[in-house]
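S.K.: okay, predicted coordinates and the sequence, questions at the end:
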Amino acid sequence: AVVSTQSTGHPRFSPISVHSTRVLAHQIMQILGLCMGLGGAWVIWRVKEGAGKDHVTTWHALVGVITVCLSLINAINGAPLIYTQLRAVPILGGSLAALKKRHAKIGLLTVSCALITIGLAFYSTWYEKKGLNMIWQNASFGGSMFLVGIIVAQVYERRLAPTANQ
């Protein structure tokens, strides 16, 4: 859910050219992704409860929970960028540049965790029951990590790299 909704915030990946429309699309897609992540976590929790199984017992589950938490944190951190009156709240305040940088850092961490969660899913019991061998698992995980590298480079270059003014 998180990965599928990430592209709207970055101008290189977004088909929308008007900034205000891109921001609105990013906001809507992030809320949608957060709702899908929370809904998925709730369904998984209910199924495990019904089966009498333990919760969050794998790396995939742990990183998935961290991803959903980071999504919520980043939604809260992104709100002052749109709703300027929230900048008066001490924990959410700061200069516009600092807020954008913090939002980009947490967003980068969130999408990285989301892709790692997808990669770890290929090593789950469910995936292994499908009879797919280690070559597919390793190739899929490698593809996820490759995407993490590309996204980290893009966000660093666009939002986090030091500029001549700093």
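M.R.: Ah, there it is. In this text the structure is predicted, and so the values were computed from the model without any measurement. Numbering: from 1, shown residues only.
S.K.: C-alpha from now on. contacts and neighbour counts both.
M.R.: OK.
S.K.: just the CA coordinates of stretch 92-100, formatted as CSV?
M.R.: What follows is stretch 92-100, C-alpha atoms only, in CSV (Å, rounded to 0.1, in the frame of the first residue of the first chain):
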residue,chain,number,x,y,z
LEU,A,92,5.6,20.1,14.5
GLY,A,93,7.1,23.6,14.0
GLY,A,94,10.2,24.8,12.3
SER,A,95,11.2,26.6,9.2
LEU,A,96,9.6,25.5,5.9
ALA,A,97,13.0,24.1,4.7
ALA,A,98,13.5,22.1,7.9
LEU,A,99,9.9,20.8,7.7
LYS,A,100,10.4,19.7,4.1
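S.K.: what does that stretch rub up against?
M.R.: With Cα atoms under 8 Å, 6 or more residues apart in numbering as the test, stretch 92-100 has contacts from 77-78, 80-81, 86-87, 159.
S.K.: just flag the most distant two among those residues.
M.R.: With distances taken as Cα to Cα, the most widely separated pair in the contacts of stretch 92-100 is Leu86 and Arg159, at 22.0 Å.
S.K.: can you give me the helices for the chain?
M.R.: Ranges of helices in the chain, per DSSP state H, are 19-51, 59-82, 96-121, 125-129, 134-155.
S.K.: out of these, nearest to Thr163?
M.R.: Among the helices of the chain, the nearest to Thr163 by Cα to Cα is helix 96-121 (12.1 Å).
S.K.: tell me which residues in the closest one are buried?
M.R.: 99-121 (16 or more other Cα atoms under 10 Å).
S.K.: can you find the helix or strand in the protein with the smallest mean pLDDT?
M.R.: Each helix and strand of the chain was given a mean pLDDT (mean pLDDT, DSSP states H and E); the minimum falls on helix 125-129 at a mean of 75.
S.K.: give the other helices and strands that that helix contacts.
M.R.: Packed against helix 125-129, as judged by 3 or more Cα pairs under 8 Å, 6 or more residues apart in numbering; DSSP states H and E, are no other helices or strands.
S.K.: who touches it?
M.R.: 121-122.
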